[in-house]
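> Here is my input, please return the structure:
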Amino acid sequence: MKQYYPNTHSPPKPHWIRVPIPTGKNVESIQDLKTRKQLHTVCESALCPNIGICWGAGQATFMIMGNGCTRDCVFCAVKGEPQPIDSNEPLRVAEAVKTMELKHAVITSVTRDDLPDGGASSFADTITSIRKLCPKTSVEILIPDFKGSRQALARVVNAKPDILGHNIETASRLYEKVRPGAVFSRSLRLFEIIKTNRPSMITKSGLMVGLGETESEVLDVFGALRSVDVDILTIGQYLRPGPEQLPVARYYHPDEFARLKKKALGMGFSWVESGPLVRSSFQAEKQAVFFKLREKVR
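Below is the predicted model of the structure:
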């Protein structure tokens, strides 16, 4: 059961934490499509601050395997009990991607430690379904750690997503508090295995700041991710979803995000998104285009 923090308060939100209300024709279309196809989006379930921007542009990140998670990460808004796996979901996701005419599809999931393969087969089936219906669409996935299972990871890698992401989320020191079901070294090992078996695969990770980490710890995370050859890094401000999640320790100024981006690029990341409202799928299509163009140049 999640711990509550009723007597703790985040500092007031600064003026740069402002987001548009999701409105417009595209927003209505996505909501209708999502309902008809019985799909979930991380945009809604995780209370993403960019939902107005992304849905307004006709883009959304689908979340597969239901809307209930087996982990109790105290930063996350996703709630509910795990639901039975729907074997038809991969096809419905692909149909939604086709209807939306997405050039780049981003798929994530809840964590499903209750499943023998952690849900790896659902990821693979979703990738395959999108490839069949939308052969020109690039596919990016954001996976859990599969509890370190090499077999589960291989199932996903062999489906050949264009970009494979897994979020490190925070500094190692804070894992017991922020991600009690995860292991920092296990997440790093995941990237090491990917790059050892498929060196050309584009990998991606992200972290939140504002949970009580120091700048030195943030830079250590950068270094750890580069040590396993992660290509893309996203850095965003932790925003407290509600009273049952951890309070914000502090808000980083946009200038601090700019400085972190410069340092990360200096460490060798090929692409860095850094800003208060940045999330894993922010500017994902631009990243995919960048790597496609880079490959053509080679």
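
> from here on, contacts and neighbour counts on C-alpha atoms
Noted.

> where do the helices sit along the stretch 101-250 of the chain?
Remark: helices assigned in the stretch 101-250 of the chain by DSSP state H, counting those that start in this stretch are 120-133, 150-157, 175-178, 184-197, 215-227.

> Show me the one of these that comes nearest Asp255.
helix 215-227 (13.7 Å; Cα to Cα).

> can you pull the buried residues of that closest one?
217-219, 221-226 (16 or more other Cα atoms under 10 Å).

> Give the rounded mean pLDDT of that helix.
Regarding helix 215-227, the rounded mean pLDDT is 98.

> Over to stretch 245-257?
94.

> okay, it in PDB with CA atoms only?
Taking Å, rounded to 0.1, in the frame of the first residue of the first chain, the C-alpha atoms of stretch 245-257 are listed here in PDB:
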ATOM      1  CA  GLN A 245       3.100  10.900  -3.400                       C
ATOM      2  CA  LEU A 246       6.300  12.500  -2.200                       C
ATOM      3  CA  PRO A 247       6.400  16.300  -1.900                       C
ATOM      4  CA  VAL A 248       8.700  18.300  -4.200                       C
ATOM      5  CA  ALA A 249      12.000  19.100  -2.500                       C
ATOM      6  CA  ARG A 250      12.600  22.100  -4.800                       C
ATOM      7  CA  TYR A 251      11.900  23.400  -8.200                       C
ATOM      8  CA  TYR A 252      14.800  23.800 -10.600                       C
ATOM      9  CA  HIS A 253      15.000  27.100 -12.600                       C
ATOM     10  CA  PRO A 254      15.000  26.800 -16.400                       C
ATOM     11  CA  ASP A 255      18.500  28.100 -16.400                       C
ATOM     12  CA  GLU A 256      19.500  25.100 -14.300                       C
ATOM     13  CA  PHE A 257      18.000  22.700 -16.800                       C
END
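
> Now tell me what touches that stretch from outside.
3-5, 8-11, 13-14, 16, 74-77, 178, 209-212, 235, 237-240, 274-276 (Cα atoms under 8 Å, 6 or more residues apart in numbering).

> buried residues in it?
245-252, 254, 257.

> want to throw those into JSON lines with distance to Ala154?
Output for the buried residues of stretch 245-257, formatted as JSON lines (distance: Cα to Cα, whole Å):
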{"residue": "Gln245", "distance to Ala154": "33"}
{"residue": "Leu246", "distance to Ala154": "34"}
{"residue": "Pro247", "distance to Ala154": "37"}
{"residue": "Val248", "distance to Ala154": "36"}
{"residue": "Ala249", "distance to Ala154": "38"}
{"residue": "Arg250", "distance to Ala154": "39"}
{"residue": "Tyr251", "distance to Ala154": "38"}
{"residue": "Tyr252", "distance to Ala154": "37"}
{"residue": "Pro254", "distance to Ala154": "38"}
{"residue": "Phe257", "distance to Ala154": "34"}
